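Chemist: how does the following fold in three dimensions:
(2 chains)
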Amino acid sequence: MTVDTRGCSCPQPVLMTKKALAKENAIEVIVDNNTAKNNILRFANSQGCKVSVEETGADECVIKITK
Amino acid sequence: MKKEKAFVALTGAIIGLIAVLLVKFGNPANMGMCIACFIRDTAGALKLHSAAVVQYMRPEIIGIVLGASVMAFSKKELVARAGSNPFVRFVLGFFVMIGALMFLGCPLRMMLRIGGGDLNAIVGLVGFIAGILVGILALNKGFSLDRSHKVSQAEAYVFPAMQILFLVILTAIPTILVFSAEGPGSKRAPLAIALIAGLVVGALAQRTRFCTVAGLRDSFMFKDFTMLIGFVSLIVVCAVANMAFGFFNVGFEGQAVAHTDGLWNFLGMALVGLGSVLLGGCPLRQLILSGEGNIDSVITVIGMFVGAAFCHNFGLASSADGPSANGPAAVIVGFIVVGAIALINIYQNNKKGN
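Modeler: Numbers count the residues shown, from 1 in each chain, chains lettered A, B, ... in the order given. Below you'll find the predicted structure:
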């Protein structure tokens, strides 16, 4: 499942990630700013998830989260 | 992660200390920095309202925007984005200001007032939390403003450029502006000190994403206490600095630029809390984002300017004597409008199946 958080303001990116993680064990989150990226990483870590970040563009990255 | 928390705590501490130092240098008591009050003062200096006691072009506001811009630029985060329900954001910014001037301060000043011993601000904090909780309920029910999109990069520089223009006017031809001769607007730290303070706060807040709403919101929503650490450290350092300078004064009565009407202190800050959660950040955060090229936040800040002007043109802002005759009605209208915005947005999003 891919969650597209591009252009969303706080705290939507984290909220969308939280909702997606409640449904599935492995998700990919597209992020377009550092604030959302750090917030999502912090949330995923606090949930004890495995996380990896792939830079996909100048202002974009994909965060892979696995429970 | 620990480093991040330490940086946020340090930022809160530095803002708390800077605010008290600004009072020492001449700003109004418990108002070293207040986004709502200072936007209101600047609106007055630009003759958008004519309340003689609250008119001055605050260099802190200019500094905060420019500090955020420079820091964002150096980190390649100065990106022009726009298109997330701009007019809804304008209206939310407008009513956040109505609520703030009912209480007499933005959330940042609420924290500074708590750090100064003003117990009315504790009542404000309870209202602020209540507003945030209602806002979280809206978020959980599906409230979400539209996505923003990248727009031509030139747009990112317009608002910061406007601040440079303001700074030029303030230093070169201040006589075209109106400055208070008495009242809070007449109490001001020297221009250079106020400007530097703003730059430091703007840069630090940009880096840490410091937000007075996020501290409470994220604690409730995600058990993420990072920003709350900054919230607490700001108040603690502010209190200690106030004690050191002999400014600390515990009580409800006789507090500087404050009133003791608990109901309206509560409701004013509740409106600020609710509006800020729907906007995605407190007034300080909106100002920081406006310096980062977020045009939706620029529109929000303009909404706050217009709200401040309305407050003083129509006698809505409180004074030390308490709420004005018309203020409570304006706050109630604010709850109705903001509530309607939230409900319509939730209804539409749920219909779309988001």
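Chemist: how about the residue lying closest to B:D224 once chain neighbours are set aside, phi and psi?
Modeler: In this structure, B:D224 finds its nearest non-sequential neighbour in B:D218, 4.2 Å apart by CB to CB, 6 or more residues apart in numbering or on different chains. All C-beta spots, glycine's among them, are computed from the backbone N, C-alpha and C. The phi/psi pair for B:D218 (degrees, to the nearest 10) reads phi -70, psi -30.
Chemist: number of residues surrounding B:D218?
Modeler: Per other CB atoms under 10 Å in any protein chain shown, the neighbour tally for B:D218 reads 23.
Chemist: in what helix or strand does B:F248 lie?
Modeler: Counting by DSSP states H and E, no helix or strand carries B:F248.
Chemist: sorry, wrong one. I was asking about B:G127.
Modeler: Assigned by DSSP H and E, B:G127 falls in helix B:120-140.
Chemist: kindly format the C-alpha coordinates of that helix as CSV.
Modeler: Output of helix B:120-140 as CSV, limited to C-alpha atoms (Å, rounded to 0.1, in the frame of the first residue of the first chain):
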residue,chain,number,x,y,z
ASN,B,120,-5.2,34.0,34.0
ALA,B,121,-3.0,32.4,31.4
ILE,B,122,-3.5,29.0,33.1
VAL,B,123,-7.2,29.4,32.5
GLY,B,124,-6.3,30.3,28.9
LEU,B,125,-4.2,27.1,28.7
VAL,B,126,-7.1,25.0,29.8
GLY,B,127,-9.2,26.7,27.0
PHE,B,128,-6.4,26.2,24.5
ILE,B,129,-6.2,22.4,25.4
ALA,B,130,-10.0,22.2,25.1
GLY,B,131,-9.8,23.8,21.6
ILE,B,132,-7.0,21.5,20.5
LEU,B,133,-9.0,18.5,21.7
VAL,B,134,-12.0,19.6,19.6
GLY,B,135,-9.6,20.1,16.7
ILE,B,136,-8.2,16.6,17.1
LEU,B,137,-11.7,15.2,17.1
ALA,B,138,-12.3,17.0,13.8
LEU,B,139,-9.0,15.6,12.4
ASN,B,140,-10.0,12.1,13.5
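Chemist: give me the contact list for it.
Modeler: Residues outside helix B:120-140 that contact it (CB atoms under 8 Å, 6 or more residues apart in numbering or on different chains) are A:11-12, A:15, B:103, B:105, B:107, B:110-111, B:113-114, B:213, B:216-217, B:220-221, B:252, B:255, B:258-260, B:262, B:265-278, B:342, B:346.
Chemist: just checking, which of those belong to helices?
Modeler: A:12, A:15, B:103, B:107, B:110-111, B:113-114, B:213, B:216-217, B:220-221, B:262, B:265-278, B:342, B:346 (DSSP state H).
Chemist: mark which of those residues are buried, thanks.
Modeler: A:12, A:15, B:103, B:107, B:110-111, B:113-114, B:213, B:216-217, B:221, B:262, B:265-278, B:342, B:346 (16 or more other CB atoms under 10 Å in any protein chain shown).
Chemist: follow-up on the earlier one: now the helix holding B:G127 and helix B:262-279, what's the angle there?
Modeler: Angle, helix B:120-140 to helix B:262-279, by axes from the mean of the first three to the mean of the last three CA atoms, to 10 degrees: 40 degrees.
Chemist: the following helix or strand past helix B:120-140 pairs with which strands, parallel or anti?
Modeler: Per DSSP H and E, helix B:120-140 leads on to strand B:149-150 as the next helix or strand towards the C-terminus. In the sheet, strand B:149-150 lines up against strand B:81-82 (antiparallel) (DSSP bridges).
Chemist: now the closest residue to chain B within chain A: closest residue in space, sequence neighbours ignored.
Modeler: Nearest to chain B, among the residues of chain A, is A:G7, at 3.1 Å (CB to the nearest CB). Of all residues not flanking A:G7 in the chain, B:R147 sits nearest, at 3.1 Å (CB to CB, 6+ apart).
Chemist: quick one: residues contacting the one you found.
Modeler: Shown in contact with B:R147 (CB under 8 Å, 6+ apart): A:6-8, B:83-84.
Chemist: look at it and report its pLDDT.
Modeler: We have a pLDDT of 97 for B:R147.
Chemist: I'd like to know how far it sits from A:I30.
Modeler: According to CB to CB, to the nearest Å, B:R147 stands 12 Å off from A:I30.
Chemist: which residues do these two both contact?
Modeler: A:R6.
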